[in-house]
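> Predicted model and sequence below, questions to follow.
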Amino acid sequence: MKPIRKTLLASAAAAALTLGMAGAYGANTVPAQAAEHSRLWFVELTSLPTSEGVRLDKVRAEKSAFREAARKAGIQFKERRSFDVLFNGLSIDVSPADRAKIARLPGVKAMYPVEVIQAPKPIKAEGDVHPQMDTALAMTRADVLHSLGLKGEGIKVGIIDTGVDIDHPAFGGNGTPGSTPFPSARVAYGYDFVGDAFNADPASPAYNPVPVPDANPDDCGGHGTHVAGIVGADGGVTGVAPKVTLGAYRVFGCAGSTLSDVMIAAMERALADGMQVVNQSIGSSFQWPDYPTAKAADRLVKQGVVMVASIGNSGTSGLYAAGAPGVGKKVIGVASFDNTHSKLNQFGISPDGTPVGYQQATGAPAAPTSGSQPMARTGSKTSTDDACATLPAGSLTGQVALIRRGTCSFYQKAFNAQTAGAAGVVLYNNVPGRISPTVVGTPAITIPVVSVSDVEGNLIDDRLAAGAVDMTWRNDVGSFPNITGGQISSFSSYGLAADLSLKPNIGAPGGMIYSTYPLELGGYATLSGTSMASPHTAGGAALILQGDPKQGAKDMRDRLQNSADPKAWWGNPGYTDQVHRQGAGMLDLVGALNATVRVMPGELSLGESQNGPVTRTLTFKNKGNAPVTYDLSHHAALATGPNTFTVSAFDAPATVAFSAGSLTVPAKGTATVDVTVTAPAGLADKGMYGGYVVATPQGGGEALRVPFAGLKGDYQSIQVLTPTANGFPWLAKLSGGSFTNQPGGATYTLANGDLPYFLVHLDHQSRQMRLEAFDTATGASMHLISLDNHLPRNSTATGFFNWVWDGTTFKGKNGTPTPVPNGTYTVKLSVLKALGDPAVAADWETWTSPPVTIARP
């Protein structure tokens, strides 16, 4: 196994739940609010929803029966929402103790936490960077389809987000806030599920969990308008599909957060409104494909809706971080690539006027927009401490100093140049890329200071070494390459999904995207995120639907994946980035539209390799009028090591064999080939690997690709109850807003909140978790305290969840809650590995608590 580069991941995560940073608080006490749980839960009932063919009266009868069973059991809860179409169940607000009781009621299939989802924050362009939407369109070749007349006309695309500014001229609005009636010609459908003041985050000073729905989904947050602009703006900027009809389903207030149950309500509304494509640039990280929003999204696809979702911005949170609904089995989960170009202010240099893009330094006067000045260098392109020492008085009088980054602060360099008489400073990077310098200091910098890239700085240095150079300030902007353009964005989440299904599925431009924004907030803005990549894909799907009206939702993902283009690794362009980071690669809409041959399935999820090589069959289907012969090959991608939170890249390609080296697909016919993949011999167990099956047409043409990914060794060898610095799991007491560890055991009265809590760190997703009480005197089981399925992992290596015991247990799935007598007990925590077999003892991990003494008054 050859290590390529090791990257230590930060602890911060874009988690959908409250972050549990236990390690920051000491060995025996943690704040209760740090737990990654809330009072809100989905309750899934026995039958499938109506979208699966179940009668409406049946699913509603099950809800009535559930409410009556809870009433008879004396369980108190507040019903938030009820779902019939894409999910059969409810969302409720319930105390931790009563939550366990609800899970035992007849007719309850499963419970899942309703997750708090923070409103995405706009990532503004630094300095004077203005990313270009047109270059983002070129990355997917959407601009080519525009030239062919495909702009999404007649296709309905739903946007589940913060709403859409219906007044924006890019959506046919009147251009004045509040002046455009809804529905409008372009934003013809939608609903506001929450109202302006809604904020679901209990930690926020503006916490307001009460929704106030409204018929008008106008946007006051910004994110949804930006996403909608990427899909379909027509004016100011041009979206991927500028003639689509939009549906705006607002699930956020003006600020703050929302909840995952609101997402399902929005999905059901979008289905009722006849949306053909739905984009959801919102998600819950670290989740299972079984999570309610993912299952609801899958059912949308089965109903003929192309469902596209961002895979998540948890790129610094390690592996298995993909979010729901993007992890859905039929959902197109989208990764983000950085935009290739930005627009920058510029100056020209002699002798040929070569343009150089620059960014203004914070703390210095604005650069002029005209005039010429000679340049001078204070060091060279090999200097390590350029201009860090005092410069001779008058040595730079009337000249613009070129200074290389390094050793001392930008302010020190600029100040030394200023005291030497410089008329301005051009700072250049000593590593690849651009910089956004700050020269704030005392005394203040009074001359213009700008920065350029390493390449541009070296060019100027070379010209100065050869002779005199003049620079001319300009009053315009130019297009310049981004150093990370075309690479996977640093924030984009890693897969695989918890069931080892391949996620993300595909990638699109999402880093540094310029699009529409509410008029009240400036009209246009630059944001970055997988939130921006998803609408590129949703808009692209709309173009395909217009170009091929017979295209179905169920195999849209295969079609897009076949033509996608895998991209190089950001750490070294000689390697291809991981499949479980970029999926099939960059969306290529021209290839997707023009291909007459499809390969199904469009991806291969190989699972774990403990049983040896995996063989799968690929089916080629030719819709063309002529046979096509393909040569088959394998394109390797990087692997990652076994550590979930610290991602390491390895050059460890799998071995791929084909039942035939080539195959001919007859006109209007099909052909098959078997693909056998052997996990990399040199990769450590529990590492992830992947690559691409490549079908290259003889005689020329675009290749078709099928991404594959798997896990080396036994997936069940990944430890779930990994010890943390705090020593979780804990038996704990809750007092004064903090949990305190009770390693020697504790006594609980079960009155006035004096209940035993169990704090658990899950280093990996778990299929099932059980808490069972045992009498310490006899060793007899007192039966189950709680039973939960499909748990996410914690967002950090120190995070935790908490469970509480109210002193009752139940026997069997729907047993009656029975209070245990006063006495001393231990609680056995059992977790089943992600794909573990409940009948195999080795697939379980256990922990036994210190003594828990129940002493009711």
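Received the coordinates, thanks.

> what about the helices in this protein?
For the chain, applying DSSP state H gives helices covering 56-72, 96-103, 133-140, 142-147, 223-232, 260-272, 292-302, 410-419, 454-466, 530-547, 556-563, 579-582, 589-594.

> Residue ranges in this protein under the pLDDT threshold?
1-27, 36-37, 120-132, 812-814 (pLDDT under 70).

> Nearest the geometric middle of it, what residue?
G312 (0.6 Å; Cα atoms, centre = their mean).

> how far away is that one from A498?
13 Å (Cβ to Cβ, to the nearest Å). Backbone N, C-alpha and C define where each C-beta goes, glycine included.

> if we can go back for a sec, please identify the most buried of the helices of the chain.
Highest mean neighbour count among those (mean count of other Cβ atoms under 10 Å): helix 223-232, with a mean of 32.

> okay but A468 is in contact with A376, surely?
No: judged on Cβ atoms under 8 Å, A468 makes no contact with A376 at a distance of 9.4 Å.

> Next, please give the residue ranges for the strands of the stretch 551-700 of the chain.
Secondary structure of the stretch 551-700 of the chain (DSSP state E, counting those that start in this stretch): strands located at 568-569, 572-576, 597-600, 604-608, 614-622, 628-636, 639-640, 647-651, 655-658, 662-665, 670-678, 688-697.

> and what of the stretch 751-857 of the chain?
Going by DSSP E, counting those that start in this stretch, the stretch 751-857 of the chain shows strands at 757-760, 766-775, 781-791, 801-804, 808-809, 818-819, 823-832, 844-848, 852-854.

> what lines up beside the fourth one in the sheet?
Each strand paired with strand 801-804, and its direction, by DSSP bridges: strand 757-760 (antiparallel).

> just the fifth one next, same as before
Paired strands of strand 808-809, with direction, are strand 818-819 (antiparallel) (DSSP bridges).

> Buried residues, stretch 712-721. List them.
Buried residues in stretch 712-721, counted by 16 or more other Cβ atoms under 10 Å: 712-716, 718, 720-721.

> Start and end of it, how far apart?
Start to finish, the residues bounding stretch 712-721 are 21 Å apart (Cα to Cα, to the nearest Å).

> Could you do stretch 848-857 as well?
Start-to-end span of stretch 848-857 (Cα to Cα) is 26 Å.

> Ok, stretch 515-530 next?
End-to-end distance for stretch 515-530: 14 Å, by Cα to Cα.

> buried set for it?
515-519, 521, 523-530.

> now do stretch 734-744
Neighbour counts over stretch 734-744 (16+ other Cβ under 10 Å) mark 734, 738-742 as buried.

> can you give me the offset of that stretch from its chain's centre?
34 Å (Cα atoms, centre = their mean, to the nearest Å).

> who's in contact with it?
Residues from elsewhere that reach stretch 734-744, judged by Cβ atoms under 8 Å, 6 or more residues apart in numbering: 27-33, 35, 726-727, 730-733, 753, 755, 757, 759, 802, 850.

> Output it as CSV, nothing but the C-alphas.
Below are the C-alpha coordinates for stretch 734-744, written out as CSV (Å, rounded to 0.1, in the frame of the first residue of the first chain):
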residue,chain,number,x,y,z
LEU,A,734,-28.0,15.3,34.6
SER,A,735,-27.8,18.4,36.7
GLY,A,736,-27.6,22.1,36.0
GLY,A,737,-27.5,21.5,32.3
SER,A,738,-24.5,19.2,32.4
PHE,A,739,-24.0,15.4,32.4
THR,A,740,-21.6,14.1,35.0
ASN,A,741,-20.0,10.7,34.7
GLN,A,742,-20.8,8.1,37.3
PRO,A,743,-18.0,5.5,36.9
GLY,A,744,-18.6,3.9,40.3
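
> quick one on the thing from earlier: looking at the strands of the stretch 751-857 of the chain, which is closest to N475?
Relative to N475, the nearest member of the strands of the stretch 751-857 of the chain by Cβ to Cβ is strand 801-804, separated by 57.5 Å.

> sorry, back to before: go through the strands of the stretch 551-700 of the chain and name the closest to W288.
Closest approach to W288 among the strands of the stretch 551-700 of the chain is made by strand 604-608 (14.3 Å; Cβ to Cβ).

> hang on, the earlier thing: looking at A468 and A376, which is more packed in?
A direct count of neighbours by other Cβ atoms under 10 Å for A468 and A376 places A376 higher, at 21 against 11.

> partner residues bridging the more buried one?
A401.

> Need the buried residues of stretch 734-744 in TSV (columns: distance to C254).
Below are the buried residues of stretch 734-744 laid out as TSV (distance: Cβ to Cβ, whole Å):
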residue	distance to C254
L734	34
S738	33
F739	34
T740	38
N741	40
Q742	43
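
> Which of the residues you listed sits closest to R559?
The closest of those, once distances to R559 are taken by Cβ to Cβ, is F739, at 50.4 Å.

> ok, the buried residues of stretch 734-744 vs G682, which is closest?
For the buried residues of stretch 734-744, the nearest to G682 is N741 (42.0 Å; Cβ to Cβ).

> List the beta-bridge partners for that closest one.
A732.

> Can you give me the distance of it to P850?
Counting by Cβ to Cβ, the gap from N741 to P850 is 9 Å.

> Quick check: neighbours shared by the two?
L731.

> so which of the strands of the stretch 551-700 of the chain gets nearest L148?
Per Cβ to Cβ, nearest to L148 of the strands of the stretch 551-700 of the chain: strand 597-600, 20.3 Å.

> okay, that closest one in CSV with CA atoms only?
What follows is strand 597-600, C-alpha atoms only, in CSV (Å, rounded to 0.1, in the frame of the first residue of the first chain):
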residue,chain,number,x,y,z
VAL,A,597,-25.7,3.2,-25.9
ARG,A,598,-26.4,2.9,-22.2
VAL,A,599,-24.6,0.7,-19.6
MET,A,600,-26.7,-0.6,-16.8
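
> Measure how buried the closest residue to V694 other than its chain neighbours is and give me the count.
Leaving aside its chain neighbours, V694 sits nearest to S633 (4.8 Å; criterion: Cβ to Cβ, 6 or more residues apart in numbering). Neighbour count for S633, taken as other Cβ under 10 Å: 15.

> ok, back up a step: buried ones among the contacts of stretch 734-744?
Of those, these count as buried by 16+ other Cβ under 10 Å: 30, 32, 35, 726, 730-733, 755, 757, 759, 802.

> just to revisit the earlier point, Serialize the helices of the chain to JSON lines and add fields for distance to I117.
Listed next are the helices of the chain as JSON lines, based on distance: least, Cβ to Cβ, whole Å:
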{"stretch": "helix 56-72", "distance to I117": "25"}
{"stretch": "helix 96-103", "distance to I117": "20"}
{"stretch": "helix 133-140", "distance to I117": "25"}
{"stretch": "helix 142-147", "distance to I117": "29"}
{"stretch": "helix 223-232", "distance to I117": "12"}
{"stretch": "helix 260-272", "distance to I117": "6"}
{"stretch": "helix 292-302", "distance to I117": "10"}
{"stretch": "helix 410-419", "distance to I117": "38"}
{"stretch": "helix 454-466", "distance to I117": "39"}
{"stretch": "helix 530-547", "distance to I117": "12"}
{"stretch": "helix 556-563", "distance to I117": "24"}
{"stretch": "helix 579-582", "distance to I117": "22"}
{"stretch": "helix 589-594", "distance to I117": "29"}
